[in-house]
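Asks: one predicted model, sequence on top.
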Amino acid sequence: MIAFVRGKFVVKNPAQVIVDVNGVGYECQVSLNTYSAISNQDSGQLFTYVHITENNQTLYGFAELSEKELFTQLISVSGVGAATARMMLSGMKPDEIIKAIVQSNARLLESIKGIGRKTAERLCLELKDKLSKNLNEIILTSSGSNKVEMDALNALVSLGIPKLNAEKALKNVIEANGTSIQLEDLIKKALKNI
């Protein structure tokens, strides 16, 4: 229906953004993740999802298309409504949610307000296969992620090491040696940790 809105951000707060598009104001409900991404911008584009219920029509806005796609996946699960999906995207980063679901980490999902044990387990069960495809797009999420870490991750994956195992090994090496480690040393030590 409405794929995106582009214009001036007239009102911005952690829950909603009003976008002025040529004199028409679109009120978009946003997650904290999106708010953080656009908080320093006066104008820009939000990808949107129109949620229509019997009593209401709500426009949800997302800074990234990948966040919108994750939102639509989340609301496809029984018991997860649009407000709950937005709460999930506010409580965790999209890549963290994907990892938790793919790794069947229901306990981590339960830490989000509004997500109980049964809902967390249902999310893992129903979305694990669908979201495992997106896992290839997740970048290394260790603190201070930089080009050396990304290059090391790509090298390990190209050697046939599963991405999750490579990320874990790199994280352990960086925690032990710091972020100033050279690329070759990082790869060698990570290979020893696998």
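Replies: Sure, I can see it.

Asks: count residues in the vicinity of Ala15, would you?
Replies: 12 (other CB atoms under 10 Å). From N, CA and C alone the C-beta is placed, and that goes for glycine too.

Asks: check contacts around it.
Replies: By CB atoms under 8 Å, 6 or more residues apart in numbering, the residues touching Ala15 are 29-30, 35.

Asks: ok, which stretches of the protein are helices?
Replies: Taking DSSP state H as the test, the helices found in the chain are 32-38, 65-75, 82-91, 94-102, 106-110, 117-132, 147-158, 163-177, 183-193.

Asks: quick check: closest non-adjacent residue to Glu110.
Replies: Ala120 (4.8 Å; CB to CB, 6 or more residues apart in numbering).

Asks: quick one, what contacts the one you found?
Replies: So Ala120 contacts 106-107, 109-110 (CB under 8 Å, 6+ apart).

Asks: thinking again about what came up before, tell me the most buried of the helices of the chain?
Replies: Sort these by mean neighbour count, taking mean count of other CB atoms under 10 Å, and helix 94-102 sits at the top with a mean of 22.

Asks: and the average pLDDT for that one is what?
Replies: For helix 94-102, mean pLDDT is 90.

Asks: that helix versus helix 65-75: what angle between them?
Replies: 40 degrees (axes from the mean of the first three to the mean of the last three CA atoms, to 10 degrees).

Asks: circling back: so which of the contacts of Ala120 comes closest to Asp42?
Replies: Leu109 (35.0 Å; CB to CB).

Asks: spatially central residue for this structure, please.
Replies: Pro94 (1.2 Å; CA atoms, centre = their mean).

Asks: hmm, it is touching Glu67, no?
Replies: Yes: the pair Pro94 / Glu67 is scored as a contact, 5.1 Å apart, by CB atoms under 8 Å.

Asks: which neighbours do these two share?
Replies: In contact with both Pro94 and Glu67: Asn33, using CB under 8 Å, 6+ apart.

Asks: the worst-scoring helix or strand of the chain on mean pLDDT: how far from the chain's middle?
Replies: Least confident element among the helices and strands of the chain, by mean pLDDT, DSSP states H and E: helix 147-158 (a mean of 81). Offset of helix 147-158 from its chain centre (CA atoms, centre = their mean, to the nearest Å): 21 Å.
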